[in-house]
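S.K.: how would this look folded up:
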Amino acid sequence: MRMREILVTGATGQVGGFIAGECRDDFAFVALPRSDCDLADRGSITRAVSMRPWAGVINAAAYTAVDLAESEPEAAWCVNAQAMQWLAEATARNDIPLVHVSTDYVFSGDLDRPYEEDDPHCPLGVYGASKAAGEQRIRAAHPRHAILRTSWVMSERGQNFAKTMLRLARERTTLDIVADQHGAPTHARDLAQALMKVAARLASDPDAATGTFHYTGDGAATWADVAEEIFRVSRACGGPFATVNRVDSAAFARPAPRPKNSRLAAGRLVSAFGVTRRPWRECVSDIVQQIMASERSVPS
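M.R.: Take a look at the predicted model:
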């Protein structure tokens, strides 16, 4: 039997890179080049969605330059909001379920508990506002959607906090790391697995749950906690490490403010789709070991 196909956007990113080319549950996850699916072009989106009888669409593409968005609001809104309206309209017309990745940045971070899916949006900057608008436009245009909010995504691929810490540890013995922002590291590979599971269910079960869900690594930490775990694992692997000096976020002047609380309650997704969540320390350990192994395999 021929496998049904699910379209993946953002296949060159951390998360999409773990999805494109995969096969599971009788579905093949197919990425199109930007020339065939340009999110800045409504016509390109429409043609891509109509190109084949897709069983589903996973949107892992986004404008994610949080600080740059403050000076490039049009670019952020084009990809994160306007393009999501076009994508939702196109998939709705073709009766194709849409799975979309969103972010903790839609919240202000002022609550003293993990955020629930139905807590109101209150973004602090352009990036968060554009992502919140994208969510709203998807909800308005397409009833068969699943929005997965996540936080602190990292992996052995691309640019992320884990890779930055290891790079800086090769240059300095002590690093100032923020200790007043709370969240949970999420392995991009784990998030990709969750997205594929949700997309496959929506594609095969018309009664599958829809709406907004949260997915992160299990537990909570500060960025300083994460950095210390990165260096602990790296040191055990013979890699670089540094001493962490815990500081408040006020020590770093950035164009875009960060939520102090990025903790997301993920029980709804676990209950509806049976996804698993690994403890964040296990995720970090896996990532650091993969980075170390990759570096050792590169000829000197």
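S.K.: can you give me the strands in the stretch 101-250 of the chain?
M.R.: If DSSP state E, counting those that start in this stretch is used as the criterion, the strands of the stretch 101-250 of the chain fall at 145-150, 153-154, 174-178, 182-183, 186-187, 211-214, 221-222, 243-247.
S.K.: parallel or antiparallel, which strands does the second one pair with?
M.R.: Pairing partners of strand 153-154, with direction, according to DSSP bridges: strand 186-187 (parallel).
S.K.: give the buried residues for the host helix or strand of residue 90.
M.R.: Under DSSP states H and E, the secondary-structure element containing residue 90 is helix 83-93. Within helix 83-93, the residues that qualify as buried are 83-92, counting by 16 or more other Cβ atoms under 10 Å. Bear in mind the C-beta positions are built from the backbone N, C-alpha and C, glycine included.
S.K.: out of these, who's nearest residue 199?
M.R.: Taking Cβ to Cβ as the measure, residue 199 lies nearest residue 91 of the buried residues of helix 83-93, at 11.6 Å.
S.K.: from residue 69, how far out is that closest one?
M.R.: In this structure, residue 91 and residue 69 are separated by 25 Å, where distance is defined by Cβ to Cβ, to the nearest Å.
S.K.: mind listing what residue 134 touches?
M.R.: The contact partners of residue 134, taken as Cβ atoms under 8 Å, 6 or more residues apart in numbering, are 80-81, 83-85, 100, 102.
S.K.: of these, which is the nearest to residue 223?
M.R.: Where the contacts of residue 134 are concerned, and distances follow Cβ to Cβ, residue 223 has its nearest neighbour in residue 102, at 20.8 Å.
S.K.: quick one: the closest one and residue 136 touch, right?
M.R.: No: contact between residue 102 and residue 136 fails when scored by Cβ atoms under 8 Å: they sit 10.6 Å apart.
S.K.: ok, the buried residues of helix 83-93 vs residue 114, which is closest?
M.R.: Sorting these by distance to residue 114 puts residue 84 at the head of the list, at 25.0 Å, by Cβ to Cβ.
S.K.: from the chain's centre, how far out does the helix holding residue 90 sit?
M.R.: A distance of 20 Å separates the C-alpha centroid of helix 83-93 from that of its chain, computed with Cα atoms, centre = their mean, to the nearest Å.
S.K.: and the contacts of that helix?
M.R.: Identification of contacts with helix 83-93 by Cβ under 8 Å, 6+ apart yields 9, 39-40, 42, 45-46, 49-50, 57, 59, 97-98, 100, 133-135, 137-138, 140-145.
S.K.: what subset of those residues is buried?
M.R.: The neighbour-count test (16+ other Cβ under 10 Å) applied to those identifies 9, 39, 42, 45-46, 49, 57, 59, 97-98, 100, 133-135, 137-138, 141-142, 144-145 as buried.
S.K.: which of those fall within helices?
M.R.: Under the assignment DSSP state H, the buried ones among the contacts of helix 83-93 contribute 42, 45-46, 49, 133-135, 137-138, 141 to helices.
S.K.: would you turn these into TSV with pLDDT?
M.R.: Listed next are these as TSV, based on pLDDT from 0 to 100:
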residue	pLDDT
42	95
45	95
46	95
49	95
133	98
134	98
135	98
137	98
138	98
141	97
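S.K.: now flag whichever of those residues is closest to residue 158.
M.R.: residue 134 (21.0 Å).
S.K.: how much space between the closest one and residue 184?
M.R.: Distance check for residue 134 against residue 184: by Cβ to Cβ, it reads 22 Å.
S.K.: which residues in the stretch 151-300 of the chain form helices?
M.R.: Using DSSP state H, counting those that start in this stretch, the helices of the stretch 151-300 of the chain run over 161-169, 188-204, 223-236, 267-273, 280-297.
S.K.: tell me the most buried of those?
M.R.: Among those, ranked by average contacts under mean count of other Cβ atoms under 10 Å, first place goes to helix 188-204 (a mean of 23).
S.K.: thanks again, I'm all set now.
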